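K.L.:
Give me the fold of what follows.
(chains A and B)
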Amino acid sequence: NAGVMQNPRHLVRRRGQEARLRCSPMKGHSHVYWYRQLPEEGLKFMVYLQKENIIDESGMPKERFSAEFPKEGPSILRIQQVVRGDSAAYFCASSPSSGIGETQYFGPGTRLLVL
Amino acid sequence: AQSVTQLDSQVPVFEEAPVELRCNYSSSVSVYLFWYVQYPNQGLQLLLKYLSGSTLVESINGFEAEFNKSQTSFHLRKPSVHISDTAEYFCAVSDDNTNAGKSTFGDGTTLTVKP
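P.N.:
Numbering: from 1, shown residues only, chains lettered A, B, ... in the order given. So this is what the prediction gives:
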């Protein structure tokens, strides 16, 4: 009964490189959420996806960031041409449905460091 | 738009003392409120949530929170803390106008329990 899995747990990139973060939701969960946590701050919503669909990407920066949740395989958060300000912890959460108050289950996060 | 304010960024207490972590929110519609706990280098875990009904909600490990609509608060309390309660605590809110799961988080309160 594995929980939400994220990999890698730690990722170091140089400015201008690409970062690719993966999230495997809990078994049976088809709703995935990505959050970003900057140092000393709370989580900020980025994007909400269901299988093959982006439902709400209102928290995603307009440039360089993209997300997908294919029919098969994990959800991917992709950051192109990373900058130092992208350094943060990125958390993925999943839920079995989108009902009001539905519990989200969080992964351990990917800590991205941009040099 | 909704917002969450956690009034204390750091709360140091001695073991077996009572503690209150404060959370205020703003929203123009009915809200759903959550407290999450984050241990070092881990993801968030749901501690308790208020959806409707009784305004006092409890967790399995002795925490409780009371929804106070008139004061727009959802403070978290525990009558006697343990060393193992040392963690970061996040208050979050979602409402009828947002996709369920797209929660707004406070900046967190670091609870440090000293022997």
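K.L.:
show me the contacts for the closest residue to residue A:97 other than its chain neighbours.
P.N.:
Sequence neighbours aside, residue A:31 is the residue nearest to residue A:97 in space, at 6.6 Å (criterion: Cβ to Cβ, 6 or more residues apart in numbering or on different chains). Quick note: C-beta positions are derived from backbone N, CA and C, even for glycine. Applying Cβ atoms under 8 Å, 6 or more residues apart in numbering or on different chains to residue A:31 gives the contacts A:25, A:48, A:49, A:50, A:94, A:95, A:96, A:97, A:98, A:102, B:101.
K.L.:
Using neighbour counts, trim those residues to the buried set.
P.N.:
Taking 16 or more other Cβ atoms under 10 Å in any protein chain shown as the criterion, what is buried in the contacts of residue A:31 is A:25, A:48, A:49, A:94, A:95, A:98, A:102, B:101.
K.L.:
which helices and strands does the one helix or strand the third one maps to pack with?
P.N.:
For residue A:49, the host element (DSSP states H and E) is strand A:43-50. When contacts are defined as 3 or more Cβ pairs under 8 Å, 6 or more residues apart in numbering or on different chains; DSSP states H and E, strand A:43-50 sits against strand A:31-37, strand A:53-56, strand A:65-68, strand A:75-79, strand B:104-105.
K.L.:
how about a cut-off of 7 Å?
P.N.:
Applying 3 or more Cβ pairs under 7 Å, 6 or more residues apart in numbering or on different chains; DSSP states H and E, we find strand A:43-50 packed against strand A:31-37, strand A:53-56.
K.L.:
hey, which of those is tucked in deepest?
P.N.:
By mean neighbour count, with neighbours taken as mean count of other Cβ atoms under 10 Å in any protein chain shown, strand A:31-37 ranks first of the helices and strands packed on strand A:43-50 at a mean of 25.
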